[in-house]
Every structure is written in structure tokens, then in C-alpha cells.
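Undergrad: sequence below, structure please.
(3 chains)
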Amino acid sequence: MIKLTIDGKKIQTGKNTTILMAARENRIKIPTLCHHDGLSPLANCRLCVVEVTEKGRTKVVTSCNYKVAEGMSVETKTENIIAMRKMIVELLASRSPNVKLVRELADEMGIKDTRFVLENEKCILCGLCVHVCSEFIGARAITFSGHGSEKIVSAPLGSSAKDCLGCGACVEVCPAQCITMKDIEEARTYSSGDHEHLGPARLIHNWNVRVLWKKCRVCGNMFPPPSPMKYLKEEKPLPKQFFETCEKCQ
Amino acid sequence: MNSKRVDELIEKHRTEKGPLISILHDIQEEEGYLPEATLSYLGDKLNTPLGEIYRVASFFSKAFTFEKKAKHTIRVCQGTTCHVKCSDHVLEEIQEELEKIKDDNFGEHENFSMEKARCLGCCTSAPNVEIDGEILDKESAKKTIIKLKGEK
Amino acid sequence: MKVKSIRDLNKLKSEGEKLLRPKNIRVQVGTTPYALSRKARDVIEKLKKELDQQNIDATVVRVGCVGICYEEPVVEVIIPGKPKVTYGSITVDKVPSLVKAISKGKAVKKYALYRTDQEEIICSGKTFSYASRVPSDYKKIPLACEFKFFQPQVRIALRNAGIINPDSIEEYVARGGYSALSKALTKMTPEKVIDVVIKADVRGRGGGGFPAGLKWKTCREAKGKEKYVLCNCSEGDPGIGMHKTLIESDPHSILEGLIIGGYAIGAMEGYIYLHYGYASGKEKLLKAIDQANEYGLLGKNILGSDFSFSIILKEGAGAYVCGESTALMATLEGRSGEPRPKYIHTAEKGLWDCPTNLNNVETWCNIPPIISRGAGWYGKIGTKSSKGTKVISLTGNVNRSCLAEVPMGTTMKEVINKLGGGIVKGTKLKAIGVGGPPAGLLPASLADLPIDFDELVKAGSLLGSGGMIVMNDKTCVVDMARFFIKFLEEESCGRCFPCREGIKRMREILDGLSAGIGKDEDIDLLQEIVDCLSEASLCDLGKSAPNVVRSTLRYFREEYKIHIQQQVCPSKRCTM
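TA: Got it, this is the predicted structure:
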């Protein structure tokens, strides 16, 4: 066990625990946007910054990916930390003023108006959708495109994400709820005027994909792409042939 | 690019660890851009999802393009030294020069692509313009544009 | 031929000496990009033609760059038994009279910049003599040490620049090259090599000034079978040409440094990360690597020892953020150049998760002389906390743009006045930018500050890679801040929120200021963004990005206020 203090409170936690986990175990709230318990930390949103004092040196680190150490002292709510978080949320609230979670965060922090030109981006670019698709699902169907302030999340080349399995993990993990998914009964092709009926399918609009239902490898019934969220939440790896097997036969 | 050539390029970098960027450089150099079909084929061959290839290629937007580049490349240096010596004005003048060509109804404008360069490494002679690899001052650059415009 | 012993190396050395001081006449012309843009190629052609027509037994050699950019094309003439003479601003029409003088064994005083009777070979401390007796017509030409450009300089990294043919390994060896490698492999344990580097207190020349020896030690002691040493040769900062000079003038010094580093750390492979689209540098480095392989200075059992090492050259893809070590490594791995959090050091988990040591070109170039001459020799140069020298690329509103190497502790004023020939006539010094976009600007009043890692940090700047850009009173600092911030906005990787969103917003505010629509509150808002970014950003690019705003707010706040309150730009640079 490792002993440390967070906000003056003496706590004990296991080795390999991050500061964020240790804080949450002890009901100390640290805001996050790009963190998901089932995935490795991204450290993109920087909202979870804290001040750490180790061996006489104090520094600002992100708590989501900084491991606890014996004798460490952590402050999560210093004036400096609060000011940084407020600035990040203000920047975010200017980029995405209509994202519910961002609005809630802004309210919580007492930010009424932002001092920047308002934009209306639905995506906050936390990176969770790309991350879950790559790290947990292994499809790497969607990706970041470009860099800097031009960066977006998209299907490769902006066209259709051909490696998408339609599992909807990206939809589930998105804190901004900006990925839209729909199941339709009848997908069709429109080549040369006649359309061929393809049967039921799942659409994910953001990635321009239409994933047709598959035949279950066990029972042979058509089924929609199964949701992997149960496994993600329990932090278990997906079983083999998960996407070839319907929910009943799993 | 045909699949045989892609195979050859993969073979060329066979012993290299993490060869993706090197292969993309070769494709960009030979084709002048990165065609989607080539990238798809490359992804299959390297066992790398297209998403990953696209992420790399689009991140390095100065090195890789997804559309064919024009015949002549004009790069106006916007490095710090050039900026101190008013390279932003040079950029405007070169843009005007290209606009004039457009007005001439030659339809040659598409033959030129203009980029802002980070630093042409020739700060002593700032501000610099580079046309097809040759470093020039503003006036010679304008002359060169007119000369190149005349060429079919 | 494989070099397997010190005897073999000495053989190579005497071959090189014959090339540097041949029986016939040697004419050498600088051919860096700037020299070429000033028609150095035509000068070479004309020289060859004239020498041929006059039936003069001479060899024309292409060399790198001495650094006297304002005098390019630079031509040097070595006539057996006579001092070497350096001529400046040689144009095609000056060639015939120059060749005529050469044919008579004479020097042309009016074109001559300086003469060299003998040179110190940095790696050995010995002297290399061209002439024991100086003819009377040569005496009128000043000695190199009397030439103003060289007076403040100590050339360690640039020891061979402009003197040797970069394509010739023999000439490199003749100047003491690979003797440090031979010393390290035959007489020193890896730990001893690291010990020397620690004692010499070499600090990384790439930016932060982290002690190189400590980094090497951590990497050597880190667990892992495979380890890597890397050289960052990517000139990211706009407005500096020093890496190019080092690469194109003396590629073997980079390789030798890297091989020694590999031996010390216990790496089998070294990578050189080169700026993309830099054909001339790539060619020089590839040639040097081939030669080193051919002579057995790379590959299996180097110099007959147990140590095997190879160097691989990889091109980047043109992203400034790849100066950040983790982004550079991601690029080498063939991934997109996004930095990752560095709570675990790259010395422990770097390239392909193996212990990795990264230093920049200039640092590596400094290693061979330090190993040859020892930490004591190196420690005498520079200041207490910043040892050695710094290569400075001086550009901007100075009379003479140049590239030089000065001992740490030299003041910026000395560099500007002695090397740069002062500020352009009729204007005054206003600001100095030292280490590229993240280093910010220093006011003229601080021109007396020494070039020293810690002193510059104290003043709110960074030594960075040493690109010094001098700005006169026609420069607007708000415009400069806007320029740097725009650059950083385009170069941010876009991964973490503060850097991506914050830099963009700073740019918007600065756009407003320079358009004359700034508000009083803007200054405080800028300061708030600066404070957030400098601690909350993920990588050093994001953390240092606000420096330019911070430093200009600190030193030039009045100018910001004038832009806001009077809606005018005092330097008339912003168009309002």
C-alpha cells in the first residue's frame, strides 16, 4: 500500500493507482472530460490537473495519468489549479457552447459569459471515440485528421469509415453526445436506378457508414452489431468473434 | 500508382522499422499526391487500417497532399527573419502577380501553386521566394513567374 | 579499406593531410544554400574553366560554410608553401584576375579577407601549418585572428566548417576526426565516457539545456536490451540555418558523436532525424554514413573492438512539434507526430518503448573534441553554469548576417556589434529574439545579457537552438507576437485543449490589437491564457508557446497599450 495525502487528507491506496483513481476512491472530486475508466488515460483535456509535491518539489501534473507515490502530497483545489481549470472550461465553452456537459461544467465553475468569439462546434475533440475504436475495439476505423486548430475527427479521407463495425462504442463514450447512430429496417443501393434491397442496417452519420446486419455464426439469425459496452465497463477484453455472434448466443 | 509499384516501394523499405512515412514520401514524390486507392492498397499490404495511414498523412500536411499539386510551386518564405523584413508584403505582391495572370485569361493560373514556407534556410538574403527549388528575391521571382507563364 | 587499428587511422590521416595541403594548388568554394543562391555554382564553373585555360595544376573543392554569409561566395586558395587566403564576395567577373594571381603564386589583396598561416586542430590541440615563411605580399593581408569576424569566436562544433570537403572522410580524419572514437573504444569504458561528459557539464544544445551526461547515464542504467541514440537534425525554428551548416560542412562530426554516444549508452542503433525535403543535407549525410560503413567506423566490430553500431537516416515530414522528443520518436516509428505525456522519461521508455537518448546536432558535434581533450579543457570555456560554446545564427536587421560560434558568456551586444557589424544604419536596436518562436523577445536594454542557459531563462527567454534574430525600431512587438503565435497555432498538434484552443484565442486577440480594435481587457485576458497554457499544456511546445506574449507583455506593455488606447501602431507595421 502507498500512503499519500490529497487535499490534506491522509489516504492509502494500491501501487500503480493514478492520483485520479485515488482521489475518486476517497470521494475527492476532480473534473475530467477525456477520461474513461475502461481505457488508458489520454490526458488531452487537462481538466484534471493537480499540484503534486514530491521530494520537496511542487509541479502541476494531470491526475489521470500520474501515478501515486509514497509520501506524495497532492492539492486538487489550489487557486492556481482552479484558475487553470476555469480558463480551459471558458475556452471550451467558447468552442462548444451548446454541448450540455460543457455548459454544466461552466455553470459549476461560475462561468457565465465567455470572453471569446463564440463558435458552435459539436465535437470537443476529447479523442475518446478514436481511442475506444483503436484501443478497445481494435478497428481503428475512425481517426484524427489534420493538426492544430484544424484538427477534426473523421472517417479516413473524410469519406466512409470502411473498417467500422457499427458497434456504437464511439457513440457511448462521447461526452459531448455528438455522434448520431440509427438502425434502419431497409438499406438500399442506388446504383443504376434500380435499387437492391440489402436488409436492416445501422447508420453512424458522423463516419458516413452503413453497417448491414450480420448472420449469427451460431444461430444463423440476422442481428445488429452488438454493443461492447458491458465489457468496456467491466474492463474485460472482448471475447473472440464477438462481432460474429448475436447477443443471445454470446 | 499501380499495385506493382506499391509492392516495390514496400520491398524497398522492407528492413526499415516503422516504414510508413518513408513509403508515403515515395508515393507523394512519384505521384505528386497520395491517391486514395493507393493508400487503401498500402493499408491492406502493411496490415495497417486506412484510418491510421490517413491520420499520419493528414497530420503532416506540409509533406503530404491528397490532391495533385500544380506544375510549378512557389514558396514564399514566412520565417521569422523574412517576417522581420516584411515577407507578408512579398506574399501579397506575389499573390497579386498571380491574380494578374488569371486576369490575362491565359488559364495558366492553375499551373502555379503557392505555399507559405516556414524557413527556406537562407535567412541572410531575406525575404526569400523559392520557385521550383530555386531561391530568388522578390523581383526575380516575379520575372520567373512571367517567364513560366509563357511556357506551355 | 577497413580501419581496424590506430595505425590504419593514421594512414587515413596522412592521406587526408595530403588533400588538405596538396602538392598542387587547392581552391575551395563554399556551397551552402545561401552561397548557391549567390551564384557560387557559376563561380566554381568559371574557376575550373580559367584554371584549365591557364594550365594551372589545381583542384577545385566544394566545401561547407565558414559562416561569413555576408561575404558569400567565399573562395579559399591554398598554394603549396604559402598561407591559405580567404577571399570574399567573389563573383564570376572577379575570377580571371584571381586565377591570374594564382598562376603567379600571388594573392589578390583587394579581394582578400584574411590569411591563415597555421590552424589549431581542435580535436588534438596540435597546429596544422600551411606556410612556415610568409611572403611579403601576403603580409599585407590580415591574419584570421585579426579578422573581426573571428575575434569573439571559439570554434568547436564548427571546427571543420568551411575547411574540409564534407564528402571526404580522409580530410575529416586529418583534422583529428575519429580519434576520439578510437580513444573511447580502446582506452575508455562506456562509464568512463559518460563520466567525462558529466564532468564536462555539456548541456543539450537543442533547447532546454538539460545536462547531456545525466541523460546518458539514466539511459545507460535503464533496463532494456535494445537502446537507441538519436540525433535531431530537423531545423524547426524559422529563421536559422545552423543545422544546415553543420550537416553540409562536417557530417562526420555528427556521426562520430553519435557513435561515441551509442558506445557509452550501450545502443546498437542510432537514428538521424532529418528535416524533410532537405535534399542536399540528406545527400551529405548518406554519403558520410556510406563512407563510415566502408571504412569500418560503422557496422560490426568498429575499429577492431567488440562494439557494433549502425546509423539510419530517417526523414521527418515537416512538423515543428516534432522537435518535442516524444513527437520526434512517434514520427520515427512511422506514426503521426503527436507528443505524449512524459511522466516516464524517454531515457527509460522512448523509441519503440526502449531506452532512448536524444540530442541535437550541435550537442553531438561537441562530443568528439570533449572526449579527445578531456573535461578539463572543455570546462575552461564558457561560464560557470553553461560550459563550452554556442553556435549562433545571426540574422534580421543587422549589417552582417552570419553564423558563428562564441564561448558561452559572450554578451548579445558583442554578437550583434562584433559579428553582425551593428544594427542597420539609421535605425536602433529594439528587440532580440534568441531561441525561436517559444523563446519570446528581449528588449534592447537587456542586450548586455550573456549567452547562457540560466541567464536567459531568468530574463524570461530561452537559449533554444541559438537562432538570434535582431529587430530594429521598425519592428512592432505586437506584430511579432502575433507572427509567432500564428506560427505556433499552425504548428500545434491539436491534441491537448489548452494549447489548441488557447493559442487560437491569443491569435484572435492579437489580430484585434493589430487591427486597431483591441479592448482594455485584452491585456489581462492574454495574461490569463498565458498562465494557463504554460502549466496545463501537455508538451513543451504548448507550455512555452505563450512565452512570446508573456515576454512582450513584460517588456513592451506600453506598446500594447498604445495599440489599444490610441489605435495606432508606433512602428507603423500593423495596418489599422
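
Undergrad: do you know how far the residue nearest to residue B:13 when sequence neighbours are not counted is from residue C:145?
TA: Take residue B:13 and drop its neighbours on the chain: the residue closest to it by CB to CB, 6 or more residues apart in numbering or on different chains is residue B:19, 3.7 Å away. Backbone N, C-alpha and C define where each C-beta goes, glycine included. Distance from residue B:19 to residue C:145, counting by CB to CB, to the nearest Å: 50 Å.

Undergrad: the most centrally placed residue in chain A and chain C, how far apart?
TA: What sits nearest the mean C-alpha location of chain A, by CA atoms, centre = their mean, is residue A:128, with 2.8 Å. Between residue A:128 and chain C the computed distance is 13 Å (CB to the nearest CB, to the nearest Å).

Undergrad: just to revisit the earlier point, and the residue nearest to residue B:13, how far from residue C:275?
TA: Counting by CB to CB - residue B:19 and residue C:275 are separated by 19 Å.

Undergrad: higher neighbour count, the two?
TA: residue C:275 (23 against 18; other CB atoms under 10 Å in any protein chain shown).

Undergrad: quick one: the strands in the chain, in order.
TA: No chain in the question, so chain A it is. Ranges of strands within chain A are A:2-6, A:9-13, A:49-54, A:57-62, A:73-75, A:143-145, A:152-154, A:181-188, A:197-204, A:209-212, A:214-215, A:222-223, based on DSSP state E.

Undergrad: that's the wrong chain, I wanted chain B
TA: Secondary structure of chain B (DSSP E): strands at B:72-77, B:112-117, B:129-131, B:134-136.

Undergrad: closest to chain A out of the ones you listed?
TA: Checking these against chain A by CB to the nearest CB gives strand B:112-117 as the closest, at 14.1 Å.

Undergrad: who does the closest one pair up with?
TA: Pairing partners of strand B:112-117, with direction, according to DSSP bridges: strand B:72-77 (parallel).

Undergrad: buried stuff in the strand it pairs with?
TA: By 16 or more other CB atoms under 10 Å in any protein chain shown, the buried positions in strand B:72-77 come out as B:72, B:74-77.

Undergrad: residue C:403 belongs to a helix?
TA: No. Applying DSSP: H, G, I helix; E, B strand; the rest coil, one finds residue C:403 to be strand, outside a helix.

Undergrad: so what sits opposite it in the bridge?
TA: Beta-bridge partners, per DSSP bridges, of residue C:403: residue C:393.

Undergrad: near chain B, which residues of chain A are found?
TA: A:139-147, A:155-157, A:159, A:161-163 (CB under 8 Å from any CB of the partner chain).

Undergrad: these: which ones sit near chain C?
TA: Residues of the residues of chain A next to chain B in contact with chain C (CB under 8 Å from any CB): A:144, A:146-147.

Undergrad: stretch C:530-542 near chain A anywhere?
TA: Yes. Legend: contact between stretch C:530-542 and chain A by CB under 8 Å from any CB is shown at C:531-532, C:535-538.

Undergrad: tell me which element residue C:511 is part of?
TA: Using DSSP states H and E, residue C:511 falls within helix C:497-514.

Undergrad: which bits of chain C sit near chain A?
TA: Checking chain C against chain A by CB under 8 Å from any CB, the hits are C:319, C:321, C:336, C:338, C:341, C:343, C:489-498, C:500-505, C:508, C:521, C:525, C:528-529, C:531-532, C:535-538.
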